[in-house]
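Chemist: Okay, structure incoming, though there's no sequence with it:
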DNA sequence: ACCGTCACTTTCCTCTAGGTACCTACTAGC
DNA sequence: GCTAGTAGGTACCTAGAGGAAAGTGACGGT
């Protein structure tokens, strides 16, 4: 009975085990979600604008993530050699193709209260270590 | 002109800036994706089965992530007090409701070659620092 | 002469997620 | 008596991500 399962599990290559993992790495690595969301939802942004929108991000990390997204072809960077310098970040067509994904995510966020309820229930069952002193 | 943009960016609360961030934290935190994918795609799994399927995960982390997913109501744990002990993990209805999300993800993974191409192009443009010694 | 702005870059430092390794209880099998 | 197998728990340790803060360079304003 379990032999069959064992057989299949041993035969599966590491990466092929989950074909969506690479996508998750690209799109949902730390900080990339709010950046892509902002650019997708509100259009072009300057560096400081992104910094101010995502209030808790530091300029170093923002730069890192923007470079990464630019390299992955999800964002375009436009440099205007003015004074003071001006840089604009825009989402690409490839980035915009994530729209449905974001929509599905936003839709599912309606289930967040169920998650919250599940957490409350779970904590209620396993937390009370203070019971029976 | 830019005044309008500045106005909107300063007025946005930290978390509300990106409504999908909480969902991402729950569903796409490290290791949760392959676990949920496995349970959603191939049904019930025992601990060792998951361990063998996701070859690179350590038992400690697997336990952590499974507890987290159980707490969030995405996974059910069933303990059979046999000898040797047997535990089965199954996806819940709430977890199964992520199906469309995974489908969208899997669909988008067709764009991975575009990402790869973008990376090649980007590296070709900015890498050659060896030019002009 | 100095301040402020923009878009970063650099240095230093902290913190924690995750890895390694060993331990548990229980029984069957040799 | 020793080992194997299951489903973890626990203690220790390290690498690397990310935070804090200061610097840069060109210029416009006062």
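Modeler: Sure, I can see it. These numbers come from a predicted model, not from an experiment.
Chemist: Give me the distance between the residue nearest in space to the middle of chain A and residue B:33.
Modeler: Chain A has residue A:28 as the residue nearest its centroid, 2.6 Å off, counting by C-alpha atoms, centre = their mean. Note on residue A:28: its distance to residue B:33, by C-beta to C-beta, to the nearest Å, is 9 Å. For glycine as for every other residue, the C-beta is placed from the backbone atoms N, C-alpha and C.
Chemist: for the residue nearest to the centre of chain A, what are its contacts?
Modeler: By C-beta atoms under 8 Å, 6 or more residues apart in numbering or on different chains, the contact list for residue A:28 reads B:24, B:28.
Chemist: Equivalent analysis for the one 5 residues further on, please.
Modeler: Under the criterion of C-beta under 8 Å, 6+ apart, the contact list for residue A:33 reads A:27, B:18, B:20, B:21, B:24.
Chemist: try 10 Å
Modeler: Applying C-beta atoms under 10 Å, 6 or more residues apart in numbering or on different chains to residue A:33 gives the contacts A:27, A:54, A:65, A:102, A:105, B:18, B:20, B:21, B:23, B:24, B:25, B:28.
Chemist: And the top helix by length along chain A, what does it pack against?
Modeler: The longest helix of chain A (DSSP state H) is helix A:112-126. Under the contact criterion of 3 or more C-beta pairs under 10 Å, 6 or more residues apart in numbering or on different chains; DSSP states H and E, helix A:112-126 touches helix B:21-27, helix B:59-71, helix B:93-96.
Chemist: tell me the most buried of the ones you listed?
Modeler: Of all those, helix B:21-27 has the most neighbours on average by mean count of other C-beta atoms under 10 Å in any protein chain shown, namely a mean of 19.
Chemist: That one close to DNA strand C?
Modeler: No: figure legend: helix B:21-27 not in contact with DNA strand C (C-beta under 7 Å from any atom of the strand); closest approach 11.8 Å.
Chemist: got CSV for the helices and strands packed on helix A:112-126, with mean pLDDT too?
Modeler: Below are the helices and strands packed on helix A:112-126 laid out as CSV (pLDDT from 0 to 100):
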stretch, mean pLDDT
helix B:21-27, 93
helix B:59-71, 96
helix B:93-96, 97
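Chemist: thinking again about what came up before, closest to DNA strand D out of the contacts of residue A:33?
Modeler: residue A:65 (7.6 Å; C-beta to the nearest atom of the strand).
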